[in-house]
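>>> what would the 3D arrangement of this be:
(one chain, ligands or ions: 3)
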Amino acid sequence: MVPYAGYCHTFSLMNKNKAKTGVLLVNLGTPDSTATGDVRKYLREFLMDGRVIDIPAIPRWLLVHLIIAPFRAPKSAHEYTKLWTERGSPLLFHTVDLKEKLVQKLDPNLYQVEMAMRYQSPSIAEGLEKLNKANVKKIIVISLFPQYASATNGSVVDKVMEIARTWQIIPNITFVNNFVEHPLFLEAWAELGREMLEKESYDAYLFSYHGLPERQIRKGSVDGYCQLSDKCCAQYTKKNQFCYRSQCFLTTRLIVEKLGLPTDKVVTCFQSRLGKDPWIQPYTEDMIKQLAAKGAKKVLVFSPAFVADCLETTVEVGQEYKEQFEELGGERWDLVPSLNSRDTWVDCVKDLVEQNT
Ligand SMILES: C=CC1=C(C)c2cc3[nH]c(cc4nc(cc5[nH]c(cc1n2)c(C)c5CCC(=O)O)C(CCC(=O)O)=C4C)c(C)c3C=C
Ligand SMILES: [Fe+2]
Ligand SMILES: [Fe+2]
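Numbers count the residues shown, from 1 in each chain. Ligands and ions are numbered 1, 2, ... in the order given. Sure, this is the predicted structure:
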C-alpha cells in the first residue's frame, strides 16, 4: 500500500501544478423574481436574441418591446408564481445543484466548474471571467439542451464567442453540440420512467418537446433534406444529424427502447408555440385531443427537451395540459419529473466533461 499511496501523493502534487480545465454549464435563464418588471426584463433579453426571434432587428425590436413583452409579462409573471419556491426558480436552483454535485465528482486539481444562464443571471460573462482569471488551459462549454437548436445551443456558442473574442489570449474552447445519444442521459430518463411505471400502468406515452418555428429547421436543412415530414425526421441520418425535430424523434425512440414501451402507444409532439407562424408539428394540444378521442384515460408524459423542472414542464405540461386532458375525459396525466440533479444525470455530465478534456 505504501508505494501506491506515495505514487498518489506525487501524482496529486503534479496535478496541483498543472493548469486546470474550465467547465461552463449553461442553461436558458429565468427571471430574477416573479415581479412583472423582472419577467419583462427577462423576456426582452431572451426574445431580442436574433437566434430566438430570427427576423431583422428593427421589426424584432418593435415586436418584442411593443407587443410580446408588454402583453406577456403580466401573464407570465402570474405563471411563474405557480412554480416559484423559497430557493427561487427551479430552473436556476436545479442547475446550481447539478454544478455542485459535478464539482464533488471531479478532481478539484484538474477542473474548475462554473454555471451560467444564457439570459439574466448568473451571466455567461461572469462565468467565463472566473475561468479566465483562473488561467484555465481549456474551456468546455456544455449547453444544457439535449437536442441542438440554433435558438438554444447555437445562441450559447454565439454569446461565448462574443465574450471570448475580446480576450487577448483565447484558450481552447470546446462546445458540446448535443447529447441525445449519451447512454447516461437516456438511462437517467429511463430510471425516472421506471419509477412511474412501477406504480401505475398507462394507456399511452406522450413525449412533449419544446417547439420551434418551422422556418428555423428549414434554414438548417442540408440540401433541403428536411421537409418536416415524418419521412425525413423519423430517420436520423448524416443529413439531418443537427435537425432539432429529428433529434427529438430520436430521443423518444431511444428512451422507448430502453423502457420496452409498446411503440403503437407512443406519441412525440411539440409544445409552446409563440406567434402565428407555423411551428414544428404535431402540436401537443392536438395530440391531447387525439388521445382523448381514442379513449386514452391514463397518460404518462415525458419532457426530455428539458433537463430541469421549469415553467414549460411544471406549469405548461404538468398543469395546463393536464387540465385540458381531464376536460376531455382523461383520468390520469402523470408528468415524469425532470433530471434535475439526479446521480445518473450528474454522471452523464461528468462523462461529457471527461470525453472532451
Ligand atoms: C428545449 C429548449 C428550448 C428551446 C428549443 C426553446 C426555444 C424557444 N423558446 C421560445 C420562447 C419562450 N420560451 C420560454 C421558456 C422556456 N424555454 C425553454 C427552453 C427552450 N426554448 C425553457 C427551459 C423555458 C423555461 C424558463 C423558466 O424560467 O422556467 C418563454 C418564457 C416563458 C413564458 O413567458 O411563457 C418563451 C417566451 C422561442 C420563441 C423559441 C424558439 C425560437
Ligand atoms: Fe423556450
Ligand atoms: Fe428534419
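>>> which helix or strand contains Leu206?
strand 204-210 (DSSP states H and E).
>>> CA atoms only: put that strand into CSV for me.
What follows is strand 204-210, C-alpha atoms only, in CSV (Å, rounded to 0.1, in the frame of the first residue of the first chain):
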residue,chain,number,x,y,z
ALA,A,204,-50.4,6.0,-23.8
TYR,A,205,-47.0,7.6,-23.5
LEU,A,206,-46.6,11.2,-24.7
PHE,A,207,-43.3,12.8,-25.3
SER,A,208,-43.7,16.6,-25.4
TYR,A,209,-40.7,18.7,-26.6
HIS,A,210,-40.3,22.5,-26.8
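>>> from the contact counts, what lies against that strand?
helix 244-259, strand 266-271, helix 284-293, strand 298-302 (3 or more Cβ pairs under 8 Å, 6 or more residues apart in numbering; DSSP states H and E). The way it works is simple: take the backbone N, C-alpha and C, and place the C-beta from them, glycine included.
>>> ok now it, how far from the chain's centre?
Relative to the mean C-alpha coordinate of its chain, strand 204-210 is positioned 15 Å out (Cα atoms, centre = their mean, to the nearest Å).
>>> neighbouring strands - and their directions - for that strand?
Counting by DSSP bridges, the strands paired with strand 204-210 are strand 266-271 (parallel), strand 298-302 (parallel).
>>> nearest to ligand 3, of those?
strand 266-271 (12.3 Å; Cβ to the ion).
>>> ok, the most centrally placed residue in the chain to ligand 3 distance?
In the chain, the C-alpha nearest the mean C-alpha coordinate belongs to Phe145, at 3.0 Å (Cα atoms, centre = their mean). Counting by Cβ to the ion, to the nearest Å, the separation of Phe145 from ligand 3 is 17 Å.
>>> what do you get for Ile288?
23 Å.
>>> about what we covered before: residues contacting the residue nearest to the centre of the chain?
Applying Cβ atoms under 8 Å, 6 or more residues apart in numbering to Phe145 gives the contacts 28, 152-153, 178, 305, 307.
>>> one more time with 7 Å, if that's ok
152-153 (Cβ atoms under 7 Å, 6 or more residues apart in numbering).
>>> is any residue of stretch 175-187 near ligand 1?
No. Using Cβ under 6 Å from any ligand atom, stretch 175-187 never reaches ligand 1; the gap is at least 10.9 Å.
>>> ok so, going back, next up, phi/psi of the residue nearest to the centre of the chain, please.
phi -120, psi 110 (degrees, to the nearest 10).
>>> where does this structure dip in pLDDT?
Low-confidence segments of the chain (pLDDT under 70): 1-17.
>>> show me how the protein divides into domains.
By the assignment in automatic domain parsing, the chain contains the domains 36-81, 183-335.
>>> give the next helix or strand downstream of the strand holding Leu206.
helix 214-219.
>>> report the separation between the residue nearest to Gln120 when sequence neighbours are not counted and Glu214.
Nearest residue to Gln120, sequence neighbours excluded (Cβ to Cβ, 6 or more residues apart in numbering): Gly29, at 4.6 Å. From Gly29 over to Glu214 the distance is 25 Å, taken as Cβ to Cβ, to the nearest Å.
>>> what about those two, which has more around it?
Neighbour totals were compared for Gly29 and Glu214, and Gly29 leads with 22 against 16 (other Cβ atoms under 10 Å).
>>> and the strand holding Leu206 with ligand 3, contact?
No. Counting by Cβ under 5 Å from the ion, ligand 3 is not contacted by strand 204-210; separation bottoms out at 12.9 Å.
>>> contacts for that strand next, please.
By Cβ under 7 Å, 6+ apart, strand 204-210 touches 248, 252, 261, 265-272, 284, 287, 291, 296, 299-305, 312, 317.
>>> if we use 8 Å, what do you get?
For strand 204-210, using Cβ under 8 Å, 6+ apart, the contacting residues are 147, 248, 251-252, 255-256, 261, 265-272, 284, 287-288, 291, 296, 298-306, 312, 317, 321.
>>> what subset of those residues is also close to ligand 1?
272, 305-306, 312.
>>> in strands, which of the residues you listed appear?
Under the assignment DSSP state E, those contribute nothing to strands.
>>> could you dump those residues to a markdown table with distance to Asp203 and neighbour count?
Output for those, formatted as a markdown table (distance: Cβ to Cβ, whole Å; neighbours: other Cβ atoms under 10 Å):
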| residue | distance to Asp203 | neighbour count |
| --- | --- | --- |
| Ser272 | 25 | 17 |
| Ala305 | 23 | 27 |
| Phe306 | 24 | 24 |
| Glu312 | 24 | 20 |
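>>> biggest separation within the residues you listed, which pair?
Comparing all pairs in these by Cβ to Cβ, the longest separation belongs to Ser272 and Phe306, at 10.7 Å.
>>> overlap in contacts, the two.
Common contacts of Ser272 and Phe306, defined by Cβ under 8 Å, 6+ apart, comprise 210, 312.
>>> what residues does this protein have near ligand 1?
28, 30, 43, 52, 72, 76, 89, 91, 145, 149, 151-152, 210, 212-213, 272, 274, 305-306, 310-312.
>>> just the buried residues out of those, in ChimeraX syntax.
In ChimeraX, a selection of the buried entries from these looks like this (16 or more other Cβ atoms under 10 Å):
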select :28,30,43,52,72,76,89,91,145,149,151,152,210,212,213,272,305,306,310,311,312
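>>> ok so, going back, of all the helices and strands packed on strand 204-210, which one is nearest Val353?
It is, among these and with distance given as Cβ to Cβ, helix 244-259, at 21.2 Å.
>>> excluding chain neighbours, give the residue nearest to Trp167 in space.
Nearest to Trp167 is Asn132, by Cβ to Cβ, 6+ apart, at 6.4 Å.
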